[in-house]
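Visitor: show me the folded form of this:
(one chain, ligands or ions: 2)
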Amino acid sequence: MIAVRNIRLCTKDCLCLFVCPTGATNTDNGQIDPDRCLAACRACVDACPSGAISKVPLNYPPQQPKLPGTLQAMNQLLDSRLAQERAADAMLAQAQTAIQRQFAQAMKMSLRVVAEDVLRESGYMLPQGQPARAFLNSLLDSPQPAGFPREAVERLLALLG
Ligand code: SF4
Ligand code: SF4
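Guide: Ligands and ions are numbered 1, 2, ... in the order given. Below you'll find the predicted structure:
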């Protein structure tokens, strides 16, 4: 287990810096140094007044398999949410008033959150998951429109290992 800090919740420069026995909490980039964090310690987690630090496992268990029918239903749901998001985006681009813009923006964001949830549940949002790698490979193996970021996909695949 290692400690991780949620930067958004951190109010900076307080208790974890003082309680950590190894100095792992005191880094230049705001992240806790995994090489100095002690597996059996949770002093910073208990000390943080903002709930910004958690201990997470170094190795996650394999993902539970999903039935093909479940994956198919999730893909259909995802397709419909993406189509709706594109429609909301088009409305946003043509909005005439502030209230129209606000409404379309809220719709777009809400649909995006649902789509991301579906992707995550399908296993695609876990970078270490096989579905994510298979999806990226399928993008490289099939024809893509002009401007497709092939190099970025290849780099992401390489970094995922
Ligand atoms: S868990 Fe302990 S060793 Fe690890 S960063 Fe927090 S205080 Fe430091
Ligand atoms: S104790 Fe919590 S809020 Fe304070 S610096 Fe550490 S992570 Fe941030």
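Visitor: when you work out contacts or count neighbours from here on, use the C-alpha atoms and nothing else.
Guide: Fine.
Visitor: what residues does this structure put near ligand 2?
Guide: Proximity of the chain to ligand 2 (Cα under 6 Å from any ligand atom) is limited to residues 5, 10-16, 47-50, 52-53.
Visitor: quick one: which of the residues you listed has the most company?
Guide: residue 53 (23 neighbours; other Cα atoms under 10 Å).
Visitor: who touches that residue in this structure?
Guide: By Cα atoms under 8 Å, 6 or more residues apart in numbering, the contact set of residue 53 is 3-6, 44-45.
Visitor: ok, and the closest non-adjacent residue to it?
Guide: Closest residue to residue 53 apart from its sequence neighbours, by Cα to Cα, 6 or more residues apart in numbering: residue 5 at 4.4 Å.
Visitor: enumerate the residues of this protein near ligand 1.
Guide: 3, 19-22, 24-25, 32, 37-38, 41-44.
Visitor: where are the low-confidence patches of this protein?
Guide: 125-128 (pLDDT under 70).
Visitor: and residue 62, how many neighbours?
Guide: 9.
Visitor: ok, now residue 68?
Guide: Applying other Cα under 10 Å, I find that residue 68 has 9 neighbouring residues.
Visitor: from ligand 1, how far off is it?
Guide: 40 Å (Cα to the nearest ligand atom, to the nearest Å).
Visitor: which ones among the residues of the chain next to ligand 2 are found in strands?
Guide: 5, 53 (DSSP state E).
Visitor: out of the residues of the chain next to ligand 2, which comes closest to ligand 1?
Guide: residue 16 (6.4 Å; Cα to the nearest ligand atom).
Visitor: surely residue 23 and residue 17 touch.
Guide: Yes - contact criterion Cα atoms under 8 Å: residue 23 and residue 17 qualify, at 7.0 Å.
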